[in-house]
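Enquirer: Here is a sequence with its predicted model. Questions after.
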Amino acid sequence: NAGVTQTPKFQVLKTGQSMTLQCAQDMNHNSMYWYRQDPGMGLRLIYYSASEGTTDKGEVPNGYNVSRLNKREFSLRLESAAPSQTSVYFCASTWAGYGYTFGSGTRLTVV
Amino acid sequence: AQSVTQLGSHVSVSEGALVLLRCNYSSSVPPYLFWYVQYPNQGLQLLLKYTSAATLVKGINGFEAEFKKSETSFHLTKPSAHMSDAAEYFCAVSEVGSGNTPLVFGKGTRLSVIA
(Lines give C-alpha, C1' and ligand atoms only; values in the text may rest on other atoms or scores of the structure.)
Protein backbone atom coordinates (compact mmCIF):
# COMPACT_ATOMS: atom_id res chain seq x y z
CA ASN A 1 0.00 0.00 0.00
CA ALA A 2 1.24 3.48 -0.85
CA GLY A 3 2.19 5.60 2.11
CA VAL A 4 4.84 6.51 4.63
CA THR A 5 6.76 3.71 6.35
CA GLN A 6 8.63 4.27 9.59
CA THR A 7 11.03 1.87 11.27
CA PRO A 8 11.36 0.80 13.98
CA LYS A 9 7.94 1.02 15.62
CA PHE A 10 9.34 0.75 19.15
CA GLN A 11 12.80 1.33 20.60
CA VAL A 12 14.36 1.52 24.03
CA LEU A 13 17.75 3.23 24.30
CA LYS A 14 20.12 3.87 27.12
CA THR A 15 21.27 7.43 27.75
CA GLY A 16 24.16 8.25 25.46
CA GLN A 17 23.39 5.62 22.83
CA SER A 18 22.79 6.60 19.23
CA MET A 19 20.20 5.47 16.74
CA THR A 20 18.63 6.36 13.43
CA LEU A 21 14.92 6.45 12.73
CA GLN A 22 14.09 5.56 9.17
CA CYS A 23 11.31 6.99 7.03
CA ALA A 24 10.42 6.16 3.45
CA GLN A 25 7.55 7.25 1.20
CA ASP A 26 6.49 5.83 -2.14
CA MET A 27 4.19 8.62 -3.33
CA ASN A 28 6.83 10.67 -5.15
CA HIS A 29 6.37 13.49 -2.64
CA ASN A 30 8.87 16.32 -2.69
CA SER A 31 8.72 17.38 0.96
CA MET A 32 9.25 15.33 4.09
CA TYR A 33 9.05 16.14 7.79
CA TRP A 34 9.93 14.80 11.22
CA TYR A 35 7.74 15.64 14.21
CA ARG A 36 7.79 14.62 17.84
CA GLN A 37 4.67 14.24 19.94
CA ASP A 38 4.66 14.76 23.69
CA PRO A 39 1.62 14.83 26.01
CA GLY A 40 -0.03 18.24 26.03
CA MET A 41 2.37 19.64 23.43
CA GLY A 42 0.81 18.52 20.17
CA LEU A 43 3.20 17.69 17.35
CA ARG A 44 6.32 19.80 17.10
CA LEU A 45 8.50 20.00 14.02
CA ILE A 46 12.07 18.78 14.42
CA TYR A 47 13.43 19.04 10.88
CA TYR A 48 12.06 19.11 7.39
CA SER A 49 13.24 18.68 3.83
CA ALA A 50 11.47 20.80 1.24
CA SER A 51 13.06 18.87 -1.60
CA GLU A 52 15.79 16.33 -2.24
CA GLY A 53 19.11 17.77 -1.18
CA THR A 54 17.76 20.36 1.26
CA THR A 55 17.04 20.23 4.98
CA ASP A 56 15.94 22.88 7.47
CA LYS A 57 15.53 23.13 11.21
CA GLY A 58 12.12 23.19 12.76
CA GLU A 59 10.97 24.22 16.21
CA VAL A 60 12.91 21.64 18.27
CA PRO A 61 16.07 20.56 16.35
CA ASN A 62 18.56 20.33 19.23
CA GLY A 63 19.98 16.86 19.71
CA TYR A 64 18.94 15.64 16.26
CA ASN A 65 20.39 15.40 12.77
CA VAL A 66 18.70 14.44 9.52
CA SER A 67 19.62 13.11 6.12
CA ARG A 68 17.56 13.27 2.96
CA LEU A 69 19.12 10.24 1.36
CA ASN A 70 17.09 10.48 -1.84
CA LYS A 71 13.59 11.56 -2.79
CA ARG A 72 12.03 8.60 -0.97
CA GLU A 73 13.98 8.50 2.28
CA PHE A 74 14.43 10.92 5.16
CA SER A 75 16.20 9.68 8.29
CA LEU A 76 16.43 11.17 11.77
CA ARG A 77 19.50 10.52 13.91
CA LEU A 78 19.99 10.84 17.64
CA GLU A 79 23.74 11.00 18.23
CA SER A 80 23.64 10.79 22.04
CA ALA A 81 20.18 10.01 23.32
CA ALA A 82 18.84 11.78 26.40
CA PRO A 83 15.76 11.02 28.53
CA SER A 84 14.22 14.29 27.24
CA GLN A 85 14.08 12.67 23.81
CA THR A 86 11.61 10.06 25.02
CA SER A 87 8.70 10.69 22.70
CA VAL A 88 6.65 9.44 19.80
CA TYR A 89 8.18 10.41 16.46
CA PHE A 90 6.17 10.86 13.28
CA CYS A 91 7.39 11.22 9.75
CA ALA A 92 5.21 12.90 7.13
CA SER A 93 5.36 13.82 3.48
CA THR A 94 3.51 16.01 1.01
CA TRP A 95 3.68 16.89 -2.67
CA ALA A 96 2.29 20.41 -2.65
CA GLY A 97 0.87 21.03 0.79
CA TYR A 98 -2.57 19.98 -0.34
CA GLY A 99 -2.47 16.78 1.70
CA TYR A 100 -0.01 15.36 4.16
CA THR A 101 0.56 11.65 4.75
CA PHE A 102 1.83 10.48 8.12
CA GLY A 103 3.64 7.33 9.13
CA SER A 104 2.40 5.20 12.01
CA GLY A 105 5.04 6.52 14.40
CA THR A 106 8.06 5.34 16.38
CA ARG A 107 7.71 5.14 20.14
CA LEU A 108 11.13 5.85 21.65
CA THR A 109 12.05 5.48 25.32
CA VAL A 110 15.42 6.66 26.61
CA VAL A 111 16.34 5.30 30.04
CA ALA B 1 4.66 32.90 11.67
CA GLN B 2 1.67 30.64 11.68
CA SER B 3 0.17 29.35 14.90
CA VAL B 4 -2.84 27.37 16.05
CA THR B 5 -4.74 27.65 19.32
CA GLN B 6 -7.09 24.92 20.44
CA LEU B 7 -9.32 26.08 23.26
CA GLY B 8 -9.72 23.41 25.90
CA SER B 9 -7.22 20.62 26.36
CA HIS B 10 -10.04 18.31 27.47
CA VAL B 11 -13.70 18.33 26.44
CA SER B 12 -16.28 15.97 27.87
CA VAL B 13 -19.72 15.40 26.31
CA SER B 14 -22.56 12.97 26.82
CA GLU B 15 -23.33 10.37 24.20
CA GLY B 16 -25.74 11.90 21.70
CA ALA B 17 -24.79 15.48 22.55
CA LEU B 18 -23.23 18.05 20.23
CA VAL B 19 -19.47 17.96 19.88
CA LEU B 20 -17.73 21.32 19.45
CA LEU B 21 -13.94 21.53 19.37
CA ARG B 22 -12.51 24.98 18.91
CA CYS B 23 -9.58 26.02 16.73
CA ASN B 24 -8.28 29.49 15.99
CA TYR B 25 -5.36 30.18 13.72
CA SER B 26 -2.94 32.96 13.04
CA SER B 27 -1.55 33.31 9.54
CA SER B 28 -0.33 36.18 7.40
CA VAL B 29 -1.80 34.60 4.27
CA PRO B 30 -4.90 32.50 3.65
CA PRO B 31 -4.11 29.07 5.00
CA TYR B 32 -4.97 25.49 4.42
CA LEU B 33 -6.56 24.04 7.57
CA PHE B 34 -6.79 20.48 8.76
CA TRP B 35 -8.32 18.42 11.54
CA TYR B 36 -6.72 15.13 12.53
CA VAL B 37 -7.88 12.50 14.99
CA GLN B 38 -5.65 10.20 16.99
CA TYR B 39 -6.99 7.14 18.80
CA PRO B 40 -4.96 5.76 21.71
CA ASN B 41 -1.61 4.35 20.66
CA GLN B 42 -2.31 4.99 17.01
CA GLY B 43 -1.15 7.39 14.32
CA LEU B 44 -2.89 10.45 12.89
CA GLN B 45 -5.95 10.13 10.71
CA LEU B 46 -7.18 13.01 8.57
CA LEU B 47 -10.75 14.00 9.44
CA LEU B 48 -11.17 16.87 7.01
CA LYS B 49 -9.36 19.75 5.35
CA TYR B 50 -10.10 23.23 4.06
CA THR B 51 -8.22 24.20 0.91
CA SER B 52 -9.89 27.40 -0.29
CA ALA B 53 -13.03 25.83 -1.71
CA ALA B 54 -16.31 25.64 0.22
CA THR B 55 -16.09 27.18 3.68
CA LEU B 56 -18.17 24.38 5.22
CA VAL B 57 -16.16 21.20 4.99
CA LYS B 58 -17.56 17.75 5.61
CA GLY B 59 -15.30 15.00 6.79
CA ILE B 60 -15.40 11.41 7.87
CA ASN B 61 -17.41 9.94 10.74
CA GLY B 62 -20.02 12.71 10.58
CA PHE B 63 -17.68 15.56 11.47
CA GLU B 64 -17.67 18.93 9.78
CA ALA B 65 -15.89 22.25 10.18
CA GLU B 66 -16.55 25.78 9.02
CA PHE B 67 -13.83 28.20 7.93
CA LYS B 68 -14.60 31.71 9.18
CA LYS B 69 -12.03 34.16 7.93
CA SER B 70 -13.38 37.09 9.96
CA GLU B 71 -13.01 35.09 13.16
CA THR B 72 -9.83 33.22 12.07
CA SER B 73 -11.55 30.07 13.24
CA PHE B 74 -12.02 26.52 12.03
CA HIS B 75 -14.14 24.82 14.69
CA LEU B 76 -14.95 21.12 14.45
CA THR B 77 -18.49 19.90 15.11
CA LYS B 78 -20.53 16.75 15.15
CA PRO B 79 -24.29 16.80 15.88
CA SER B 80 -24.39 13.66 17.99
CA ALA B 81 -21.43 12.19 19.86
CA HIS B 82 -20.76 8.47 19.82
CA MET B 83 -18.64 6.52 22.25
CA SER B 84 -16.24 5.71 19.42
CA ASP B 85 -15.48 9.45 19.01
CA ALA B 86 -13.41 9.44 22.19
CA ALA B 87 -9.92 10.37 21.00
CA GLU B 88 -7.50 13.27 20.73
CA TYR B 89 -8.12 15.85 18.04
CA PHE B 90 -5.56 18.14 16.47
CA CYS B 91 -6.07 21.24 14.39
CA ALA B 92 -3.27 22.17 11.97
CA VAL B 93 -2.47 24.95 9.51
CA SER B 94 -0.21 25.29 6.51
CA GLU B 95 0.50 28.16 4.16
CA VAL B 96 -1.27 28.24 0.82
CA GLY B 97 0.94 28.49 -2.21
CA SER B 98 4.05 27.27 -0.52
CA GLY B 99 3.96 23.58 -1.17
CA ASN B 100 6.69 22.70 1.25
CA THR B 101 5.47 24.60 4.28
CA PRO B 102 5.34 22.31 7.31
CA LEU B 103 2.08 21.77 9.11
CA VAL B 104 1.83 23.69 12.37
CA PHE B 105 -0.25 21.87 14.98
CA GLY B 106 -2.28 22.95 17.94
CA LYS B 107 -1.69 21.24 21.26
CA GLY B 108 -4.68 18.99 20.88
CA THR B 109 -8.03 18.47 22.57
CA ARG B 110 -8.89 15.20 24.23
CA LEU B 111 -12.55 14.33 23.75
CA SER B 112 -14.27 12.10 26.30
CA VAL B 113 -17.75 10.73 25.64
CA ILE B 114 -19.85 9.79 28.65
CA ALA B 115 -22.49 7.10 28.38
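Expert: On my side now, so go ahead. Residues are numbered from 1 along each chain as shown, chains lettered A, B, ... in the order given.

Enquirer: make it CA atoms for all contacts and neighbour counts henceforth
Expert: Will do.

Enquirer: What count of nearby residues applies to residue 8?
Expert: The chain I'm using is chain A. 14 (other C-alpha atoms under 10 Å in any protein chain shown).

Enquirer: Let me rephrase: I mean chain B.
Expert: Using other C-alpha under 10 Å, B:Gly8 has 14 other residues around it.

Enquirer: likewise B:Ala115?
Expert: B:Ala115 has 10 neighbours, counted by other C-alpha under 10 Å.

Enquirer: With A:Phe90 instead?
Expert: Counted with other C-alpha under 10 Å, A:Phe90 comes out at 27.

Enquirer: A:Glu79 too?
Expert: Counted by other C-alpha under 10 Å, the residues lying close to A:Glu79 total 14.

Enquirer: Which strand or helix spans the residue positioned nearest the centre of chain B?
Expert: In chain B, the centroid-proximal residue (C-alpha atoms, centre = their mean) is B:Trp35; its distance is 3.4 Å. Assigned by DSSP states H and E, B:Trp35 belongs to strand B:31-38.

Enquirer: pLDDT (mean, whole number) over that strand?
Expert: For strand B:31-38, the mean per-residue pLDDT is 93.

Enquirer: Could you do stretch A:49-68 as well?
Expert: pLDDT averaged over stretch A:49-68 gives 95.

Enquirer: For that stretch, list every residue counted as buried.
Expert: A:49-52, A:55, A:58, A:61, A:64-68 (16 or more other C-alpha atoms under 10 Å in any protein chain shown).

Enquirer: now do stretch B:84-93
Expert: B:85-86, B:88-93.

Enquirer: circling back to that earlier point, right, and out of the buried residues of stretch A:49-68, which lies closest to chain B?
Expert: The closest of the buried residues of stretch A:49-68 to chain B turns out to be A:Ala50 (C-alpha to the nearest C-alpha; 5.2 Å).

Enquirer: Tell me who's in contact with that closest one.
Expert: A:30-32, A:56, B:100-101 (C-alpha atoms under 8 Å, 6 or more residues apart in numbering or on different chains).

Enquirer: go with 6 Å
Expert: Residues near A:Ala50 by C-alpha atoms under 6 Å, 6 or more residues apart in numbering or on different chains: A:31, B:100.

Enquirer: Check the gap between it and A:Cys91 for me.
Expert: 13 Å (C-alpha to C-alpha, to the nearest Å).

Enquirer: Mind jotting down where the strands sit in chain A?
Expert: Per DSSP state E, chain A carries strands over the ranges A:4-7, A:10-13, A:19-25, A:31-38, A:42-49, A:56-57, A:64-68, A:74-78, A:87-94, A:100-102, A:106-110.

Enquirer: which of those strands has the lowest average pLDDT?
Expert: strand A:100-102 (a mean of 91).

Enquirer: So which bits of that strand are buried?
Expert: Across strand A:100-102, burial judged by 16+ other C-alpha under 10 Å covers A:100-102.

Enquirer: do the same with stretch A:76-90
Expert: Those would be A:76-78, A:81-82, A:85-90, for stretch A:76-90 by 16+ other C-alpha under 10 Å.

Enquirer: Ok, stretch B:89-107 next?
Expert: B:89-96, B:99-107.
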